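> here is the input, now give the coordinates:
(one chain, ligands or ions: 1)
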Amino acid sequence: YIWPSPYDALEDAYTVSGGFGDGGIVDGVNPCSLSPIGGRLPGRQAAAEWLRLAYHDVATFNSTTGLGGLDASIGFETERPENIGSAMNTSLVFFAAFQTKTSSMSDVIALSVILAIKNCGGPSIPFRAGRIDAEAAGPLGVPQPQQNLASHTAAFANMGFNVTEMITLVACGHTLGGVHAVDFPTVVPQSAITSSNPDGVVHFDDTFDSFDNHIATQWINGSSEDVLAVGDNITTNSDARIFGADGNATMRAFAADASLFQAQCSVLLERMLNTVPSSVQLSDVIEPLEVKPYQLSLTLNADGQLALGGNIRIFGTSDEAEAAVAAQMPVSLSWKDLDGTANATHSTTLTAVSQTSTSLWGSVYFFTIDALLEAQSGISSFTVDWAFSASDTLTHSDNGGAGFPLQSVVLFQPQGTCTDIKGNITALALIRNDLGAVSSVSFSYNYNVNQPGSVSVKQVTLQTEMERVGVSSASPIYDTYTTTFGKGPFTDEGFITFDISAVVGGQTFVAPDNQEAGLLTQCGSRR
Ligand code: HEM
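Next comes the predicted model:
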């Protein structure tokens, strides 16, 4: 994983769970008992709803044809009786905010489960990305509690899981959350519905908000409260039939060994999340990068200098990383000219961001870049020298050897970029005019559109050509380019970014992943 990667947004969301640079997903399930944002009802639990959503998307995978699996087809299937409840749509609406041009809904669903389980005290499940979203519903066939064991065994076999694995997956799923009387009136007595429990949830175990082995210990020691195991309606006691499918051997092992439960849940849930259409190639495991740029910006100021902004994130898992005080960490950034030349003066010290940040996987710190670069010499890459403590030898981070790439040939130009009252966007770019012929100047706007038949949205790109309007007033070595476009039918839901690219002197240069905020100035208003 070398920065920049198509999975940078997912890596950000995976790594930072609170404070500055918060990826935002964990906020939806923290604490583990949290009711879903947007449907905040006592008794509902977002972490459990996310896990059930992922399972229901995967459950209809056909291991013979290789079709289905975690592909977000669930978005088109939420009206089906087998997916009853409002939970799935609530989750999908929340997740739309994390879709980007390279983070599919199905990747976000997988990541949501990994983060929710870790935040609920469960195991660390490795995360891979690269899932591709289906654009239509898949087949029916999510198991339902009134069906018999043979039907459930067949459904899991179809999905690619044997009996032991079925028992494990159900136990790992049913350690969170519970069954709701409003949606399962034949399973849960209506007396469960009260003013403080309007959906009438009955939890599977006594620690519904902890990813632990109580689902197994209570089943084995006879204190189970799981209505799918010990409920009065024998027909819907699917958990009892499944847990007993091997004479309770698997559940006894889980009850006896809490860490075995965690380890097996990690292995099986990882496999469940990585059950994808056979045409999909998943990425390598994504782990927090030690040093990573965050929301970089490079613009030309009125004095004709390049202003470099944004942040550097530093992550570590050691005791020293945990004990570090950001304000005392030495962090500096050194850059190379446009032509690749290093220069001793091309270096700047970074300041710790005062707001702290948290990660489920270690310790994370952010540092602000605030540097002015000479426009003529420009920039092609940078490196970061840093340490967790001032007394340590500095680590030289060069992004796997070549440095962190950053170009000053094609720039976004915030001054003059604006959105008018009709929603039309006028965007400006600056392109070096002394480096050869300029062609294919294009502006790509990445946003979400609604999909008929699904509450979940799809990220699309609207591309427009930019035209040269003249030489920049701030510096004669840059020309100004512009485009005006209407956004068309779209949804405000989600993550909007834009990229500007051009071919200059035969080489393609891209100013990527600019934040929507850069477009939001109202046309006509003075900044
Ligand atoms: C034969 C297999 C299964 C059957 C029949 C089954 C059935 C059910 C039922 C009836 C509910 C209640 C839903 C509600 O009231 O909202 C439920 C909840 C849940 N299931 Fe399953 N399930 C099965 C397997 C799994 C698996 C494999 C997982 C995950 C790995 C899972 C995860 C969950 C979770 C997390 C909940 C709680 C949802 C909440 O509290 O909102 N289930 N299941």
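> what helices or strands is the longest strand along the chain leaning on?
Ranked by residue count and defined by DSSP state E, the top strand of the chain is strand 438-451. Judged by 3 or more CB pairs under 8 Å, 6 or more residues apart in numbering; DSSP states H and E, strand 438-451 is in contact with strand 425-432, strand 454-465, strand 467-471, strand 478-485, strand 497-504. Heads up, the C-betas are built off the backbone N, CA and C, glycines and all.
> the ligand contacts on the stretch 101-250 of the chain?
Residues of the stretch 101-250 of the chain lying close to the ligand by CB under 6 Å from any ligand atom are 143-145, 152, 169-170, 172-174, 176-180, 183-184, 238, 242.
> looking at the helices and strands packed on strand 438-451, which is nearest to the ligand?
With CB to the nearest ligand atom as the measure, strand 454-465 is the member of the helices and strands packed on strand 438-451 nearest the ligand (17.1 Å).
> which helices and strands does the closest one pack with?
helix 87-95, helix 105-119, strand 438-451, strand 478-485.
> rebuild those as a markdown table, extending it with mean pLDDT and mean neighbour count.
Converted to a markdown table, those look like this (pLDDT from 0 to 100; neighbours: other CB atoms under 10 Å):
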| stretch | mean pLDDT | mean neighbour count |
| --- | --- | --- |
| helix 87-95 | 93 | 23 |
| helix 105-119 | 98 | 27 |
| strand 438-451 | 94 | 19 |
| strand 478-485 | 97 | 20 |
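> compare those and give me the one nearest L428.
strand 478-485 (5.3 Å; CB to CB).
> sorry, back to before: got a markdown table for the helices and strands packed on strand 438-451, with distance to the ligand too?
Listed next are these as a markdown table, based on distance: least, CB to the nearest ligand atom, whole Å:
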| stretch | distance to the ligand |
| --- | --- |
| strand 425-432 | 40 |
| strand 454-465 | 17 |
| strand 467-471 | 53 |
| strand 478-485 | 42 |
| strand 497-504 | 32 |
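> of those, flag the one that's most buried.
Among the helices and strands packed on strand 438-451, strand 425-432 has the highest mean neighbour count (mean count of other CB atoms under 10 Å), at a mean of 22.
> tell me which strands that one pairs with, and in which orientation.
Strand pairing for strand 425-432, determined by DSSP bridges: strand 410-419 (antiparallel), strand 478-485 (antiparallel).
> looking at the ones you listed, spot the one closest to S381.
strand 410-419 (15.5 Å).
> where does the stretch 201-350 of the chain have low pLDDT?
The model of the stretch 201-350 of the chain has no residue with pLDDT under 70.
> if we can go back for a sec, need the CA coordinates for the longest strand of the chain. PDB is fine.
Taking Å, rounded to 0.1, in the frame of the first residue of the first chain, the C-alpha atoms of strand 438-451 are listed here in PDB:
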ATOM      1  CA  VAL A 438      -1.200  21.700 -22.600                       C
ATOM      2  CA  SER A 439      -4.200  19.500 -23.500                       C
ATOM      3  CA  SER A 440      -7.000  17.500 -22.100                       C
ATOM      4  CA  VAL A 441      -7.700  19.800 -19.200                       C
ATOM      5  CA  SER A 442     -10.600  18.200 -17.400                       C
ATOM      6  CA  PHE A 443     -12.600  18.600 -14.200                       C
ATOM      7  CA  SER A 444     -14.100  15.500 -12.600                       C
ATOM      8  CA  TYR A 445     -16.900  15.900 -10.100                       C
ATOM      9  CA  ASN A 446     -17.500  12.800  -8.000                       C
ATOM     10  CA  TYR A 447     -20.900  12.700  -6.300                       C
ATOM     11  CA  ASN A 448     -23.700  10.400  -5.400                       C
ATOM     12  CA  VAL A 449     -26.900   9.700  -7.400                       C
ATOM     13  CA  ASN A 450     -30.000   7.900  -6.200                       C
ATOM     14  CA  GLN A 451     -30.700   4.400  -7.600                       C
END
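> orientation of it relative to strand 454-465 in degrees?
160 degrees (axes from the mean of the first three to the mean of the last three CA atoms, to 10 degrees).
> now find how far off-centre strand 438-451 is within its chain.
The chain centroid and the centroid of strand 438-451 are separated by 21 Å, computed with CA atoms, centre = their mean, to the nearest Å.
> quick one: the strands in the stretch 201-350 of the chain?
201-203, 291-300, 305-316, 331-336, 342-349 (DSSP state E, counting those that start in this stretch).
> let me have those strands in JSON lines, extended by mean neighbour count.
Shown next, in JSON lines, are those (neighbours: other CB atoms under 10 Å):
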{"stretch": "strand 201-203", "mean neighbour count": "22"}
{"stretch": "strand 291-300", "mean neighbour count": "20"}
{"stretch": "strand 305-316", "mean neighbour count": "20"}
{"stretch": "strand 331-336", "mean neighbour count": "20"}
{"stretch": "strand 342-349", "mean neighbour count": "13"}
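> among those strands, which is nearest G403?
The nearest among the strands of the stretch 201-350 of the chain, by CB to CB, is strand 331-336 at 6.7 Å.
> what about the strands of the stretch 201-350 of the chain, which gets the closest to H214?
When those are compared by CB to CB, strand 201-203 sits nearest H214, at 9.9 Å.
> note down every partner strand of that closest one and its orientation.
For strand 201-203, pairing defined by DSSP bridges yields strand 178-180 (antiparallel).
> average pLDDT across the partner strand?
The pLDDT scores in strand 178-180 average 98.
> buried residues in stretch 202-221?
Buried residues in stretch 202-221, counted by 16 or more other CB atoms under 10 Å: 202-205, 207-220.
> among these, which are in helices?
Among those, DSSP state H puts H214, I215, A216, T217, Q218, W219, I220 in helices.
> ok, back up a step: in JSON lines: the helices and strands packed on strand 454-465, plus distance to R80.
JSON lines is the format used below for these (distance: least, CB to CB, whole Å):
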{"stretch": "helix 87-95", "distance to R80": "10"}
{"stretch": "helix 105-119", "distance to R80": "17"}
{"stretch": "strand 438-451", "distance to R80": "17"}
{"stretch": "strand 478-485", "distance to R80": "39"}
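> check contacts around T168.
Going by CB atoms under 8 Å, 6 or more residues apart in numbering, T168 touches T250, F254, Q264, C265, L268.
> give me that answer again for 7 Å
Shown in contact with T168 (CB atoms under 7 Å, 6 or more residues apart in numbering): T250, Q264, C265, L268.
> and which of those is nearest to S357?
The closest of the contacts of T168 to S357 turns out to be C265 (CB to CB; 27.7 Å).
> low-scoring stretches of the stretch 1-150 of the chain, by residue?
Along the stretch 1-150 of the chain, segments meeting pLDDT under 70 span 38-40.
> what segments of the stretch 1-150 of the chain are strands?
Listed in chain order, the strands of the stretch 1-150 of the chain (DSSP E, counting those that start in this stretch) span 18-19.
> sorry, back to before: mean pLDDT for the helices and strands packed on strand 438-451: which is lowest?
Note on the helices and strands packed on strand 438-451: lowest mean pLDDT is at strand 454-465, with a mean of 90.
> ok, how many other residues are close to G423?
Residues lying near G423 (other CB atoms under 10 Å) number 10.
> which residues touch it?
Counted by CB under 7 Å, 6+ apart, G423 has contacts G486, K487.
> distance check, it against the ligand.
38 Å (CB to the nearest ligand atom, to the nearest Å).
> ok, A110 next?
Counting by CB to the nearest ligand atom - A110 and the ligand are separated by 13 Å.
> just give the nearest non-adjacent residue to that residue, would you?
Excluding the flanking residues, the one nearest A110 by CB to CB, 6 or more residues apart in numbering is L273, at 4.4 Å.
> burial count for the one you found?
For L273, using other CB under 10 Å, the count is 28.
> shouldn't it be in contact with I109?
No - at 8.2 Å, L273 does not count as touching I109 under the criterion of CB atoms under 7 Å.
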